[in-house]
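> Following is a predicted model, sequence given first.
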Amino acid sequence: MFSARLVNDPFGDPALLLEARYRREALLFDLGDIRALPPRTILKLDRIFVTHTHMDHFIGFDHLLRVCLGREKHLFLYGPPGFIGNVEGKLRAYTWNLVENYENDFRLVATELHPGRRETAEFRCREAFRPPPRRSIGDFDGTAVESDAYRVDAVFLDHRVPCLAFRLEEKRRVNVRKNVLAEMGLPGGAWINALKDAIHRNEPGESAFRVWWKGEDRGAVERVFPLGELKERVTKITPGRKIVYVSDVIGSPGNAGRIVEFARDADVLFVEACFLEEDRKRAGEKYHLTARQAGRLAGLAGVKRFVLFHHSPKYRGGEGRFEEEAMGAFLEAKGSG
């Protein structure tokens with residue numbers, strides 16, 4: 001359902017775009033420099049998950065705000081303790097005396113994750129983003145958000161400040177058998193996305209589902225099927241993917257244990273590797289991982305694939321060394337397991 005790609009090259013600011021393949025929906029893990037994203041992609045974003053608010057993970061907020069202002073949009077952001085105050089501080093930096101003339105109302109909902117609890121606050125453009133009262137929205141049990149199609153979980157790690165890692169788990173993947181569509185005389189179209197949504201919502205198989213398209217004379221054509229029949233004949237449902245994102249952590253035993261468990265059997269692990277092993281002491285002082293540490297964690301977790309990012313610019317031109325070092329540790333860890 002989701003494709004995943006880093007917004008910047010491995011030496012750029014952290015930001016992972018997760019874009020739905022069949023509907024206008026996208027998520028973002030971390031909010032570093034996002035100027036590489038076209039406005040149409042930024043406007044697809046529904047939820048943004050921020051590991052922590054060091055500048056290189058949160059500087060994209062201003063560009064995000066500029067693109068979304070004047071739009072009728074509801075955007076949800078999630079972050080660690082102190083996050084609501086960070087969002088409020090960003091918004092306080094600007095003057096909002098003319099926003100009452102805006103036709104649309106852009107709203108930001110910031111949610112702060114704490115061990116065992118969650119707090120939220122909504123900032124509205126038409127109210128000049130005045131600081132709203134905070135509301136408690138119940139316990140935080142490790143799940144940041146859950147929809148009919150996916151769930152995003154979070155775990156606390158140590159970067160000398162609380163730092164979150166995130167995991168996206170798709171509940172299922174709904175693929176369409178194009179050859180069966182042709183046999184049934186059904187052309188593609190927007191109804192296929194509606195069919196996938198109905199399946200994700202677990203609607204009853206006996207419910208009527210409308211298939212519609214424009215005929216050769218441009219007139220509307222419609223056929224109605226039981227949802228269960230289309231699900232059985234037209235779609236192939238496979239297990240969803242698990243995508244894990246880890247950035248800015250020291251390679252301590254505590255962090256390592258939590259990362260391995262959190263990333264267990266992931267389809268892909270996006271993991272920071274700021275330094276090479278030759279600079280391991282420096283990595284520890286900066287509370288970052290080396291490429292070897294990252295590869296070892298990926299191997300111990302049994303992930304199918306891993307992607308390195310967040311390299312120190314001191315190594316620019318030597319990207320291959322990161323891959324080589326991490327892959328060696330990955331294979332070694334898998335072999336020992």
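Arrived safely, thanks for sending. Given the structure is predicted, the values throughout are model-derived calculations rather than measurements.
> hey, let's count contacts and neighbours off CA atoms from now on
Noted.
> Could you check how far residue 311 is from residue 240?
30 Å (Cα to Cα, to the nearest Å).
> For residue 337, report the pLDDT, please.
According to the prediction, residue 337 has pLDDT 59.
> Also residue 304?
Taking residue 304 on its own, its pLDDT is 97.
> residues near it, how many?
Neighbour count of residue 304, defined by other Cα atoms under 10 Å: 13.
> Just list the residues touching the closest residue in space to it that isn't next to it in sequence, thanks.
The shortest distance from residue 304 to any non-neighbouring residue, by Cα to Cα, 6 or more residues apart in numbering, is to residue 267 (5.0 Å). Residue 267 is in contact with 241, 242, 243, 303, 304, 305, counting by Cα atoms under 8 Å, 6 or more residues apart in numbering.
> quick revisit: comparing residue 311 and residue 240, which residue is more hemmed in?
Per other Cα under 10 Å, whichever of residue 311 and residue 240 has more neighbours is residue 311, with 24 against 18.
> Which other helices and strands does the lengthiest helix in the chain contact?
The longest helix of the chain (DSSP state H) is helix 319-336. Contacts defined by 3 or more Cα pairs under 8 Å, 6 or more residues apart in numbering; DSSP states H and E place helix 319-336 against helix 291-301.
> Tell me how far the helix it packs on lies from the chain's centre.
The gap between where helix 291-301 is centred and where its chain is centred comes out at 21 Å by Cα atoms, centre = their mean, to the nearest Å.
> Stretch 57-71 too?
Centre-to-centre, stretch 57-71 and its host chain are 17 Å apart (Cα atoms, centre = their mean).
> Just the buried residues of it, please?
57, 58, 59, 60, 61, 63, 64, 68, 69, 70 (16 or more other Cα atoms under 10 Å).
> is residue 209 in a bridge, and if so with what?
Beta bridges link residue 209 to residue 225 when assigned by DSSP bridges.
> residue contacts, it?
Residue 209 touches 195, 224, 225, 226, 227, counting by Cα under 8 Å, 6+ apart.
> which stretches of this structure aren't confidently modelled?
Applying pLDDT under 70 to the chain flags residues 337.
> Break it into its domains for me.
Per automatic domain parsing, the structural domains of the chain span 2-140, 173-238.
> Show me where the stretch 51-200 of the chain has its strands.
With strands called from DSSP state E, counting those that start in this stretch, the stretch 51-200 of the chain shows them at 74-79, 107-114, 117-124, 135-136, 143-146, 150-158, 162-170, 173-176.
> so can I have CSV of these showing distance to residue 16 and mean neighbour count?
Formatted as CSV, those follow (distance: least, Cα to Cα, whole Å; neighbours: other Cα atoms under 10 Å):
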stretch, distance to residue 16, mean neighbour count
strand 74-79, 14, 21
strand 107-114, 19, 22
strand 117-124, 23, 19
strand 135-136, 28, 12
strand 143-146, 17, 16
strand 150-158, 14, 20
strand 162-170, 11, 23
strand 173-176, 20, 18
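> Tell me which of those approaches residue 335 most closely.
If you check each of the strands of the stretch 51-200 of the chain against residue 335 by Cα to Cα, strand 162-170 wins as the nearest, at 25.0 Å.
> List the contacts of that closest one.
Identification of contacts with strand 162-170 by Cα under 8 Å, 6+ apart yields 1, 29, 49-52, 79-81, 149-157, 239-249, 262-263.
> Now with 6 Å, please.
By Cα atoms under 6 Å, 6 or more residues apart in numbering, the residues outside strand 162-170 that reach it are 51-52, 150-157, 240-246.
> Tell me the strands beside it, with direction?
strand 150-158 (antiparallel), strand 242-246 (antiparallel).
> Which residues does the first one contact?
So that's strand 150-158. Under Cα under 6 Å, 6+ apart, the answer for strand 150-158 is 142-145, 163-171, 249, 255.
> now, which of the residues you listed sits nearest residue 231?
Within these, the smallest distance to residue 231 is 15.9 Å, found for residue 171 (Cα to Cα).
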